[in-house]
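Peer 1: here is the input, now give the coordinates:
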Amino acid sequence: MYGNEERAAVIARSAGFVALIAAGGWIALPMVPVPITLQTFFVLLSGVVMKRAAAVPAALYVLLGALGLPLFHSGLSGPGVLLGPTGGYLAGFILAAGIAGLGYEREEPWLRAGALILATAVIYACGAGWLVLSTGMPPFAAIAAGILPFLPGDAVKGAAVYALGRTFA
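Peer 2: Just a heads-up that it's a prediction; the model follows:
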């Protein structure tokens with residue numbers, strides 16, 4: 001009589017996290033070449049809540065934005081965003097959500113914290129790497145523009161996600 005409740009929960013949570021990640025893109029501090037947003041907070045939080053299935057809403061977010069829904073930062077959309085300077089960060093969201101989720105399938109606090117740090121590092125690596133490829137920026141400049149300005153804010157976001165994970169996970 002009833003459907004698969006676990007699948008229904010993944011679908012409902014995926015829809016919620018796609019919306020949250022998109023909303024996080026509207027909360028932005030404009031910077032060049034990449035704005036500071038709250039998207040990474042929700043990407044990491046999806047891992048806490050959805051475990052390894054967190055890659056689903058991250059992938060849907062990227063796919064739907066690429067198909068034209070105005071989900072990316074400040075309402076942008078389309079494949080041009082993925083090919084532009086922020087595309088690597090967006091692709092990194094998928095891997096990062098999965099990494100954070102895998103870490104939260106375990107009980108050890110050090111492993112969970114490490115997964116959040118590694119997930120953030122993956123976003124940085126994908127983002128800075130794509131900055132080099134898409135803009136021709138030298139690697140040091142990509143690190144200076146695409147990673148360093150984000151470290152303090154992402155440390156706060158990661159700590160907040162970890163604190164929420166201790167409460168809810």
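Peer 1: P33 is in what secondary structure piece?
Peer 2: Counting by DSSP states H and E, no helix or strand carries P33.
Peer 1: the protein: strands as residue ranges?
Peer 2: Counting by DSSP state E, the segments of the chain that form strands are 28-29, 36-37.
Peer 1: doesn't G103 make contact with G114?
Peer 2: Yes - with contact defined as CB atoms under 8 Å, G114 reaches G103; the gap is 6.6 Å. For glycine as for every other residue, the C-beta is placed from the backbone atoms N, C-alpha and C.
Peer 1: out of these two, which sits in the busier spot?
Peer 2: Taking neighbours as other CB atoms under 10 Å, G114 and G103 compare with G103 leading, 25 against 14.
Peer 1: isn't the more buried one up against W110?
Peer 2: No - using CB under 8 Å, G103 is not in contact with W110; the gap is 9.8 Å.
Peer 1: so what are the sheet partners of the worst-scoring helix or strand of the chain on mean pLDDT and their directions?
Peer 2: Taking mean pLDDT, DSSP states H and E as the measure, strand 28-29 is the helix or strand of the chain with the lowest mean score, a mean of 80. Here strand 28-29 is paired, per DSSP bridges, with strand 36-37 (antiparallel).
Peer 1: distance from the lengthiest helix in the chain to the middle of the chain?
Peer 2: The single longest helix within the chain, with elements called by DSSP state H, is helix 109-135. Between the centre of helix 109-135 and the centre of its chain there are 9 Å (CA atoms, centre = their mean, to the nearest Å).
Peer 1: stretch 154-169 too?
Peer 2: 14 Å.
Peer 1: kindly report the same for stretch 75-94.
Peer 2: That offset, for stretch 75-94, works out to 11 Å (CA atoms, centre = their mean).
Peer 1: again with stretch 70-90
Peer 2: So, by CA atoms, centre = their mean, the centroid of stretch 70-90 is 13 Å from its chain's centroid.
Peer 1: Y89 contacts P33, doesn't it?
Peer 2: No - with contacts counted by CB under 8 Å, Y89 stays clear of P33, the gap being 10.5 Å.
Peer 1: the two: who's more crowded?
Peer 2: Y89 (25 against 15).
Peer 1: look up how far R166 lies from the more buried one.
Peer 2: Using CB to CB, to the nearest Å, Y89 is found at 27 Å from R166.
Peer 1: the helices in this structure, which residues?
Peer 2: So, for the chain - with DSSP H - the helices run 5-26, 39-50, 55-66, 79-83, 87-103, 109-135, 139-146, 151-168.
Peer 1: could you report the neighbour count for L82?
Peer 2: Count around L82 with other CB under 10 Å applied: 18.
Peer 1: for it, which non-adjacent residue is spatially closest?
Peer 2: Nearest non-adjacent residue to L82, counting by CB to CB, 6 or more residues apart in numbering: A66, 5.6 Å away.
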